[in-house]
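A.B. asks: Compute the structure for the input listed below.
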Amino acid sequence: MEEETSDANKRKVWTKEAKECEELGCYECGRTLHEHILSQYPTRRDVWLNFITYERHVIPPVPSAPTPAPTATTATTTATTNTHSTTTAPPTTPSPPIDNVSTRVAALMRRAVAVRSKDVLLWLMAAKEAWKTNNDVDGARTLLEEAFQMNPNNEELLLAGAKIEQEEGEYDRARMLLKRAREETPSMRVWMKSATIERLDGCIGEAMILLKQGRELYPKSAKIFIMSIQTQLDFNTSLQDMGTKQLQMEATASLGFLPMSIRNLCNASLTACPSSVPLWLLACHIEEREAGMIRARSMLEIGRQRNPTSEDLWNVAIDLELRSKNEQMAESLMAKALESCPSSGVLASKHIEMAPRGVRQSRALALLRSKRYDGNSTVLAAVAKMLWSLGKGSKARSWFEKAVNANSDDGDVWSEYLAFEIHHGATEEQQQKLIQRCIEAGPKHGKMLFCPIVKRIEIRSPLITIETAIKEAASTIVGPFLVQHK
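C.D. replies: Below you'll find the model as predicted:
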């Protein structure tokens, strides 16, 4: 036990000293320390990861400036000065090339996977370094092939290979890898990725077949049911575009089974996964579109009975009443919603939005004083939008700053902030600076605006970037509390 503690202390001290060397600019000293730690603990993952992180942060040395060519006057003076000298000056050695950070990191990762050949995480990091940082797709493929040999039947490696092929537009290669994954390491995730590839390639029928198999294998998977409903909607749209009934019948027959109607599929999904809130939301949206608001209202009520503390179900129910111009029922539902979900930022934001213009500020202050929503980005953004609606631009900007600082992972807040700046005449440069901050933050959430755009499936198109998503989301915001969906 004492020896283990001593080893841990030594690693900690040496790593700290390497960090100090980095801060002082003594990069080679820090590198030497990391190499020494590796020599003592070559099989520890954390040691390799610390060294890799160090190499990423090290500033490459700048080569010394080349010696300028002597002028005629200088040459004459030098010749005169050296007339009596019998020794000649040695030739100037060329400056060393700049040490490339990505090359060092890639070489270090190669060493890491050679020592820890069963460490899937290191293989994935090495492949991502080659693909994303060095733009070396073939190098990433080679690394993953070697990883497959050392770690056969590994789901993560097969899915990583499929992701590379998908983003490079090589759908047939991605399809082959996913077929192998379904045979060797079947899982719900593999089936969903397989269906996604078919949808991206425009093969809606193949996606429906895979999803039907997935529902049979994983009958309690809400995600497979959600994707099945979305794919069924795409299939129904494609049937309508075919025009003739003969073509529609042929397309349906090619599936090998008779698909359920979209409403029956929703009902079967809710029976299998009654606690899935996203599934209830999707089913209610379809019910409103197919059967009207009354049926959707009834389904939402059942959903709330099954999931009484779901802020999203309460929020959608309130929106339904507002769309039907039933403000009194919306207010009644809001009171019940805040009682069931007292710390919900989504509902508090909606509560501010529903207030008459003259009451919004006092309602927002009352919510903030309750201390229930401290640091909640949705509420902070709602306060910013309230100030925006009152024409207090500078104060609104400061609250938007508070919102993105409180939770930089919320893509909706970034989109609303960008829309605010656009409406207040921000220059292209100012907009781009805000977009760049958002890209660096890398948001992955945003239920209302951001995620529906990022997760949209477009046939044979690259994945939607963060910049594209927040620009599109911002373009739908036509006022502080007004979104016009396209």
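A.B. asks: which residue ranges form the strands in this protein?
C.D. replies: For the chain, applying DSSP state E gives strands covering 477-479, 482-483.
A.B. asks: taking these together, which one is wrapped up most tightly?
C.D. replies: strand 477-479 (a mean of 15; mean count of other Cβ atoms under 10 Å). Backbone N, C-alpha and C define where each C-beta goes, glycine included.
A.B. asks: Could you list every helix and strand that that strand packs against?
C.D. replies: Packing contacts for strand 477-479, counted by 3 or more Cβ pairs under 8 Å, 6 or more residues apart in numbering; DSSP states H and E, involve helix 411-423.
A.B. asks: Could you tell me which other helices and strands the helix it packs on packs against?
C.D. replies: Of the remaining helices and strands, those touching helix 411-423 by 3+ Cβ pairs under 8 Å, 6+ apart are helix 377-389, helix 393-406, helix 428-441, helix 450-454, helix 466-475, strand 477-479.
A.B. asks: Any chance you could list what contacts the shortest one?
C.D. replies: Residues outside strand 477-479 that contact it (Cβ atoms under 8 Å, 6 or more residues apart in numbering) are S389, S415, E416, A419, L449, V483, Q484.
A.B. asks: For stretch 344-364, could you pull out the residues that count as buried?
C.D. replies: Along stretch 344-364, the positions that meet the burial threshold by neighbour count (16 or more other Cβ atoms under 10 Å) are 344-354, 360-361, 363-364.
A.B. asks: Between the two ends of it, how far is it?
C.D. replies: 14 Å (Cα to Cα, to the nearest Å).
A.B. asks: what's in contact with that stretch?
C.D. replies: With Cβ under 8 Å, 6+ apart as the criterion, stretch 344-364 contacts 311-312, 314-315, 318, 322, 327, 330-331, 334, 337-338, 341, 367, 372-373, 376-379, 381-383, 385-386, 389-390, 447, 481.
A.B. asks: What's the ChimeraX syntax to select whichever of those are buried?
C.D. replies: Written as a ChimeraX command, the selection of buried residues from those, which uses 16+ other Cβ under 10 Å, is:
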select :311,312,314,315,318,322,330,334,337,338,341,367,373,376,377,378,379,381,382,383,385,386,389,447,481
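A.B. asks: The residue nearest to F51 when sequence neighbours are not counted: what's it in contact with?
C.D. replies: Leaving aside its sequence neighbours, F51 sits nearest to H34 (Cβ to Cβ, 6 or more residues apart in numbering; 4.3 Å). If you count contacts by Cβ under 8 Å, 6+ apart, H34 has them with T15, A18, N50, F51, Y54.
A.B. asks: and V13, how many residues sit next to it?
C.D. replies: Number of residues near V13 (other Cβ atoms under 10 Å) recorded here: 11.
A.B. asks: From S6, how far off is it?
C.D. replies: Separation of V13 from S6 (Cβ to Cβ, to the nearest Å): 11 Å.
A.B. asks: quick one: low-confidence parts of the stretch 51-200 of the chain?
C.D. replies: Along the stretch 51-200 of the chain, segments meeting pLDDT under 70 span 59-99.
A.B. asks: where do the helices sit along it?
C.D. replies: Using DSSP state H, counting those that start in this stretch, the helices found in the stretch 51-200 of the chain span residues 72-81, 101-115, 120-128, 137-150, 155-167, 171-184, 188-200.
A.B. asks: pretty sure G205 contacts F235?
C.D. replies: Yes - in this structure, G205 sits in contact with F235. The criterion is Cβ atoms under 8 Å, and the distance is 7.2 Å.
A.B. asks: Out of the helices of the stretch 51-200 of the chain, which gets nearest to E429?
C.D. replies: For these, proximity to E429 was assessed by Cβ to Cβ; helix 101-115 is nearest, at 28.5 Å.
A.B. asks: Output the contacting helices and strands for the closest one.
C.D. replies: Applying 3+ Cβ pairs under 8 Å, 6+ apart, one finds that helix 101-115 makes contact with helix 45-57, helix 120-128, helix 137-150.
A.B. asks: residues contacting E287?
C.D. replies: Residues near E287 by Cβ under 8 Å, 6+ apart: R263, C266, R295, A296, M299.
A.B. asks: So what's the residue count around the closest residue to it other than its chain neighbours?
C.D. replies: The shortest distance from E287 to any non-neighbouring residue, by Cβ to Cβ, 6+ apart, is to A296 (4.6 Å). Counted with other Cβ under 10 Å, the burial measure for A296 works out to 22 neighbours.
A.B. asks: residues in contact with the closest residue to E288 other than its chain neighbours?
C.D. replies: Taking Cβ to Cβ, 6+ apart as the measure, E288 lies nearest to A296, with 3.6 Å between them; neighbours along the chain are not counted. Listed by Cβ under 8 Å, 6+ apart, the contact set of A296 reads C284, H285, E287, E288, L320.
A.B. asks: so what pLDDT did the second one get?
C.D. replies: You'll see H285 listed with a pLDDT of 94.
A.B. asks: what does the one 5 residues further on give?
C.D. replies: pLDDT, the model's per-residue confidence, is 92 for E290.
A.B. asks: Pop out the phi and psi values for the residue most central in space within the chain.
C.D. replies: Within the chain, one residue has its C-alpha closest to the average C-alpha position: by Cα atoms, centre = their mean, that is K444, at 4.1 Å. Dihedral angles of K444 (phi, psi; degrees, to the nearest 10) stand at phi -130, psi 0.
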